[in-house]
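Q: let's see this in three dimensions:
(chains A and B)
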Amino acid sequence: MTLAASDFAAALERDGVPCEDLRGVSALVPEDEEQLLLVLERAARERQRLVPVGGGTKLGWCRPDALAAEGALALSTRRLAGIVAYEPGDGTLTALGGTRMGELEAATRAGGHRLTPDVPGAEVATLGGVLGAGLSGPDRLRFGPVRHHVLGMRVALADGTVAKSGGRLVKNVTGFDLHRLYCGSRGTLAVILEASLRLFALPERELGLTWTFDDARAALDAALELRARPLSPVSVTVENRGGPWRLHVFLAGRARQVEAERDAARGLGAPEAEVDGDEARAAARRARDLACVGGRWPDLRLATRPSAIGTELAPFIEGGGEVGVVIQPGIATAELFFEPGRATSRPASDVPHGAARWMERLRAAFDPDGIFASPSFPPRP
Amino acid sequence: MDRALERQLLAIVGPEGLVADAVGRRAYESDGLTLERADPLCVLLPRDTRETAACMRVLAREGVAVVPRGAGTGLSGGATPVERGVLVGTARMRDVLEVNPFDRYARVQAGVVNVDLTRVAAKHGLFYAPDPSSQAACTIGGNVAENSGGPHCFRYGATARHVLGLVVVTPEGDVLDLSEPRVDPDGYDLAGFFVGSEGMLGIATEVTVQLTPVPEVTETLLGIFASLDAACDSVSDVIAARLEPTALEILDKLTIEAVEASVFAAGYPRDAEAVLLVEIEGGQVEADETAADIEAILAARGVMEVRRARDAKERKKLWAGRKGAFGAMGRIAPDLYVADVVVPRTRLREIVRRATDIAHERGLKIANVFHAGDGNLHPNISYDRRDADQVARVLEAGELIMRECVAAGGSLTGEHGVGLEKRAAMSLVFTAGDLEVMERAKLALDPQGRMNPGKVMPVRACREVRTRKIAGAARRPAP
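A: Numbers count the residues shown, from 1 in each chain, chains lettered A, B, ... in the order given. A predicted model of the protein is given here:
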């Protein structure tokens, strides 16, 4: 931390705003909205750079060592937590940005609802953090990406303006959907104070099936073949951490429908393992957590089309050096973990010129002083 | 229109792409909100992205306001022209550019008609899910501008959930190519933000949409009720039971009468106070069980009878009544005010009843036909626009219904957009601060405020539109 940043944090601490170490980065952790607005007011005055975060589980995405060296402080919303309104009769949920995903999942499950996205680290990750990161789980195969389920948000801009967009309704086109911009904006536009999500029905039955294959190609072909069969899985994951390649398929829904889909899936050949109920849920969680092993996110993420996933992935796998691969074939993403120290040639961002200009204009309109600015996001051509 | 400007535009779009004469312009003076009319300088109908961009560069240079238009079926005045502004229509951009059945997407020009896209996709066992009632006429580009819904959006979601990419011509005439379908946006979700922006940020000329596999089984039920309350309560119960059919639509008695007397006659019983149209899709087992559960809920709410479509022909007929309901309403009165509001789905009955009372208290005829499953109400008030007093009462009723919905935790519009019609009401749901932030985003992308000026934002929150006056703008062009 630079001297200016530590002075800034110390002054706020004297005014009662807690400051903590969050994975190696100094983080201001206001206890309420008033304190958060005080932090923003001071930051605007003193041009202190802030990185909005929730539980900090995705701090690794923005190189915390570099952040600290540049004098940025994290601003965590994790104490601005709590469910504002869970409406089981309407299938909607509104919660403060700092509420942990695990807590939301448990509360909605008790009311018969399923919360999506199902993301790694749900015990620590917060609603605001997940939305800010635009992070979807493997269950997006069935439900779609997280940005599709955000009904509205209340945010704080760098200048302290608190504003909402959308609402708590499952269908609503009143005004600009700014919450769609905030979703996945990685904190560079605003701090998410509160958000509303639409919920889905908790399934009657859950079932997990696993097959093993000798190589990636066979596993991928099997996964893609499932797309032609009459089943609608919650998630389909192909993974490898040394040894054989595994294909996990999770089915959920009405008990008899799940059985019918299992029979359709068995057309691939008898699965090596089949788990039901709580075991299926535990297995789905393990498959979900493959995307973040021991708090470490993948070194490389490819996103393409289902038809191209095999060919785009091939050069990386043939190049060797990877210690883990997680593929969502239906969603068309592949994530790779490499041996420490291996230089990874990330595909360069190919964001078109015009798009980059629109992004920068939006960013500058929301945060002209660059309080939340990031050197790497939004991407430049 | 200024001759020099006309010459420049003509050189880009050719004579087929320019409507400058008074008679031709009249066809464009309003969209589906016929209460609002204005005469544009001219109407441009470019053939593709390149022509659109060239037109937009000329209009930017001249400081002329631009109103984008699809098929003009919108009901909130989003495509109402502005005086001294130019209307840019997508009617000649009708090509399906690519269909990729394996990766389940299609790329189309913005003027492709909604139902034509589904027709093309059907060859591959796929369909395009958003299905506004106007789908036989409305365009994909218009659907993008309004984030349009439709009955089946209950399960599948509105347009925003189906748009994978866009090509946008910016107010300055630059081309923003976001057409490559992406898993997640690279950076901000510009395409997602653009959907529903009501033509205020630019013109979408191409759209990449997601296609959905045609489900294994489709079941269509018609619940016949002796009371509208019971039909509404049935829907609230279905939602509370977390059942997931694909559509839940209610038509009330007056709508049934209009439909049955029209070419859209669907065999709805005329003595019913309401019918509930339910569609269930999915695997065979799932559809059967969901249908049985819904029938049990309807029975508990005292349904008189439940009919089940036996085949595709019967299903089509039941839906023809629903989709044709707005057209059929023409039998009741010459004009129809189609309100579009949303409420939490726990409060359907009380708000539907309140809307009916509000209309009746003002001596107006109201017919309810709505997307009950989404809490998206369409109280339709029939009137005669030549009767100024009646028009005033209709507008007052519309405003009061909107206020009731907002007070019940609802909102101004579920799928028709704010447009001209509801901009003053924006301050019922948003604070000045909320609107100021929306305005920031708008001005970041359209600094001169030339795109669809005067729409969506309440006038007092909107900055002045800085369009330069065009010399001779009021003059009629030479024949």
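Q: pLDDT below threshold where in the chain?
A: Using chain A. Low-confidence segments of chain A (pLDDT under 70): A:1, A:343-349.
Q: chain B, not that one
A: Using pLDDT under 70, chain B drops low at B:460-479.
Q: report the longest helix in it, please.
A: Longest helix in chain B by number of residues (criterion: DSSP state H): helix B:388-407.
Q: which strands and helices lie in contact with it?
A: Judged by 3 or more CB pairs under 8 Å, 6 or more residues apart in numbering or on different chains; DSSP states H and E, the packing partners of helix B:388-407 are strand B:335-338, strand B:341-342, helix B:348-361, strand B:379-383, helix B:426-429. Bear in mind the C-beta positions are built from the backbone N, C-alpha and C, glycine included.
Q: in a markdown table, list these along with distance to residue A:135.
A: Compiled in a markdown table, the helices and strands packed on helix B:388-407 are given as follows (distance: least, CB to CB, whole Å):
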| stretch | distance to residue A:135 |
| --- | --- |
| strand B:335-338 | 39 |
| strand B:341-342 | 28 |
| helix B:348-361 | 34 |
| strand B:379-383 | 40 |
| helix B:426-429 | 29 |
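Q: deepest of the ones you listed, which one?
A: Comparing those by mean neighbour count (mean count of other CB atoms under 10 Å in any protein chain shown), strand B:341-342 ranks first with a mean of 29.
Q: check which residues of the longest helix of chain B are buried.
A: B:390-391, B:393-394, B:397-406 (16 or more other CB atoms under 10 Å in any protein chain shown).
Q: out of the helices and strands packed on helix B:388-407, which is closest to chain A?
A: With respect to chain A, and counting by CB to the nearest CB, the nearest of the helices and strands packed on helix B:388-407 is strand B:341-342 at 5.0 Å.
Q: other residues contacting stretch B:52-66?
A: Applying CB atoms under 8 Å, 6 or more residues apart in numbering or on different chains, the external contacts of stretch B:52-66 come out as B:2, B:5, B:8-9, B:12-13, B:41, B:44, B:46, B:82, B:84-88, B:93, B:169-175, B:203, B:205, B:448, B:450-453, B:465-468, B:470.
Q: and it, how far out from the chain middle?
A: Here stretch B:52-66 is found 26 Å from its chain centre; the criterion is CA atoms, centre = their mean, to the nearest Å.
Q: quick one: buried residues of it?
A: Those buried within stretch B:52-66 under the rule 16+ other CB under 10 Å are B:52-60, B:62, B:64-66.
Q: can you tell me which of those is closest to chain A?
A: residue B:53 (10.8 Å).
Q: all strands for the stretch 101-250 of chain B, in order.
A: Under the criterion DSSP state E, counting those that start in this stretch, the stretch 101-250 of chain B contains strands at B:105-109, B:126-127, B:163-169, B:175-178, B:203-210, B:212-213, B:217-225, B:247-252.
Q: so for residue B:308, which of those sits nearest?
A: strand B:217-225 (5.5 Å; CB to CB).
Q: related to what we said a few turns ago, can you tell me which of the buried residues of stretch B:52-66 are in strands?
A: Secondary structure assignment by DSSP state E places residue B:66 of the buried residues of stretch B:52-66 in strands.
Q: in which helix or strand does residue 39 reside?
A: No chain was given, so I picked chain A. Taking DSSP states H and E as the definition, residue A:39 sits inside helix A:33-46.
Q: oops, wrong one, chain B.
A: Under the criterion DSSP H and E, no helix or strand holds residue B:39.
Q: adding mean neighbour count and distance to chain A, write the strands of the stretch 101-250 of chain B out as a markdown table.
A: Formatted as a markdown table, the strands of the stretch 101-250 of chain B follow (neighbours: other CB atoms under 10 Å in any protein chain shown; distance: least, CB to the nearest CB, whole Å):
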| stretch | mean neighbour count | distance to chain A |
| --- | --- | --- |
| strand B:105-109 | 23 | 8 |
| strand B:126-127 | 20 | 12 |
| strand B:163-169 | 25 | 8 |
| strand B:175-178 | 22 | 4 |
| strand B:203-210 | 27 | 9 |
| strand B:212-213 | 16 | 9 |
| strand B:217-225 | 21 | 9 |
| strand B:247-252 | 26 | 12 |
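Q: nearest to residue B:149, of these?
A: Evaluated with CB to CB, these place strand B:247-252 nearest to residue B:149, the distance being 10.9 Å.
Q: ok, the closest one: who's next to it in the sheet?
A: Taking DSSP bridges as the criterion, strand B:247-252 forms sheet pairs with strand B:274-282 (antiparallel), strand B:365-370 (antiparallel).
Q: and the angle for the helix or strand that it is followed by with helix B:348-361?
A: Under the assignment DSSP H and E, the closest C-terminal helix or strand after strand B:247-252 is helix B:253-260. Computed with axes from the mean of the first three to the mean of the last three CA atoms, to 10 degrees, the direction of helix B:253-260 lies at 80 degrees from that of helix B:348-361.
Q: chain center to helix B:253-260, what's the gap?
A: Offset of helix B:253-260 from its chain centre (CA atoms, centre = their mean): 22 Å.
Q: excluding chain neighbours, give the residue nearest to residue 201 in space.
A: Picked chain A for this. Leaving out its chain neighbours, the residue that sits closest to residue A:201 by CB to CB, 6 or more residues apart in numbering or on different chains is residue B:242, at 3.7 Å.
Q: actually chain B
A: In space, residue B:201 is closest to residue B:445, 4.9 Å off (CB to CB, 6+ apart).
Q: I'd like to know how many residues surround that neighbour.
A: Around residue B:445 there are 24 other residues, counting by other CB atoms under 10 Å in any protein chain shown.
Q: can you tell me the SS state at the residue nearest to residue A:335 when sequence neighbours are not counted?
A: Ranked by CB to CB, 6+ apart and with sequence neighbours excluded, the top spatial neighbour of residue A:335 is residue A:298, at 3.7 Å. Per DSSP: H, G, I helix; E, B strand; the rest coil, the secondary structure class of residue A:298 is coil.
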